[in-house]
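Peer 1: Below is the structure, and that's it, no one-letter string:
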């Protein structure tokens, strides 16, 4: 793993922690930090020694406050999907490995979108969420698509229309996060969950992710016929899993 100016990477076994590291700006998503994230996530996706990616923060105050409104992009603002570079939220969302967001402090605008790009979100009790784009004339391009996929429409509209702050308990109540932890226990709890996930069959996890992402908007009959290979059913890992179960030992996954 190479060093990044605005990211702090740490590998713990088969889990890699990617911490946003721009605390003086509350991890505002400058062009450079977005480039670092895209590069790091893309590299980890191809790294067989890392099976789970955790997005977290070095700041005690914020996961990320979103777009760096003090930065004027070269060439001015453009619609997100018309830019020539890859979108950071897409890079995280499309990563084929399990991703978990460990949210503490502020998760605002693009910071909240970054958390929503992950497969799972756990929040510290001090987490504060807000989508303020309607207040500043932005559009929450990614968030407007992800929110109604994660929470009921009425909550999605409320979050986007009003742009008000809500806490971790409300986020858990509406299903935006799966669990709320005491601040000092967040990393330990996320690490515990990530470690368990890292012991599961890699091809099965990849299949689960693809089936959920691609099939959730399809009729069940169509979704069942998706075949986002490689197929776990035809893999060496399926044979290994059965053998390990029979022999009462831990499986040795190869991802093949």
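Peer 2: Yep, it's here. None of the values given here were measured: they were computed from a predicted structure. Numbers count the residues shown, from 1 in each chain.

Peer 1: Would you map the helices across this structure?
Peer 2: Secondary structure of the chain, counting by DSSP state H: helices at 31-45, 88-93, 110-117, 133-136, 143-150, 153-162, 168-173, 186-198, 202-215, 220-223, 236-247.

Peer 1: and among those helices, the most buried is which?
Peer 2: Ranked by mean neighbour count, the helices of the chain are led by helix 110-117 with a mean of 27 (mean count of other CB atoms under 10 Å). The way it works is simple: take the backbone N, C-alpha and C, and place the C-beta from them, glycine included.

Peer 1: So which residues make contact with that one?
Peer 2: Under the contact criterion CB atoms under 8 Å, 6 or more residues apart in numbering, helix 110-117 has outside partners 27, 29, 37, 55, 62-67, 88-90, 92-93, 99, 101, 103, 107, 121, 129-131, 140, 142-143, 146-147, 150, 176.

Peer 1: Can you name the residues that contact the nearest residue to residue 171 once chain neighbours are set aside?
Peer 2: Spatial nearest neighbour of residue 171, excluding adjacent residues (CB to CB, 6 or more residues apart in numbering): residue 177 at 4.6 Å. Contacts for residue 177 (CB under 8 Å, 6+ apart) come out as 103, 121-123, 127, 168, 171.

Peer 1: quick one: terminal-to-terminal distance for stretch 46-64?
Peer 2: Using CA to CA, to the nearest Å, the end-to-end distance of stretch 46-64 comes to 26 Å.

Peer 1: Now do the buried residues in that stretch.
Peer 2: Neighbour-count burial for stretch 46-64 flags 50-57, 59, 62-64 (criterion: 16 or more other CB atoms under 10 Å).

Peer 1: Closest to residue 190 out of the contacts of residue 177?
Peer 2: residue 122 (5.3 Å; CB to CB).

Peer 1: In terms of pLDDT, where does the residue nearest to that closest one when sequence neighbours are not counted sit?
Peer 2: In space, and not counting its chain neighbours, residue 122 is closest to residue 179: 4.9 Å by CB to CB, 6+ apart. At residue 179, the pLDDT value in this model is 98.

Peer 1: try residue 76
Peer 2: Note on residue 76: pLDDT of 65.

Peer 1: ok, now residue 157?
Peer 2: Looking at residue 157, its pLDDT reads 98.

Peer 1: now residue 79
Peer 2: Value for residue 79, per-residue pLDDT: 74.

Peer 1: Was I right to think it contacts residue 141?
Peer 2: Yes: between residue 79 and residue 141 there is a contact under CB atoms under 8 Å: 7.5 Å.
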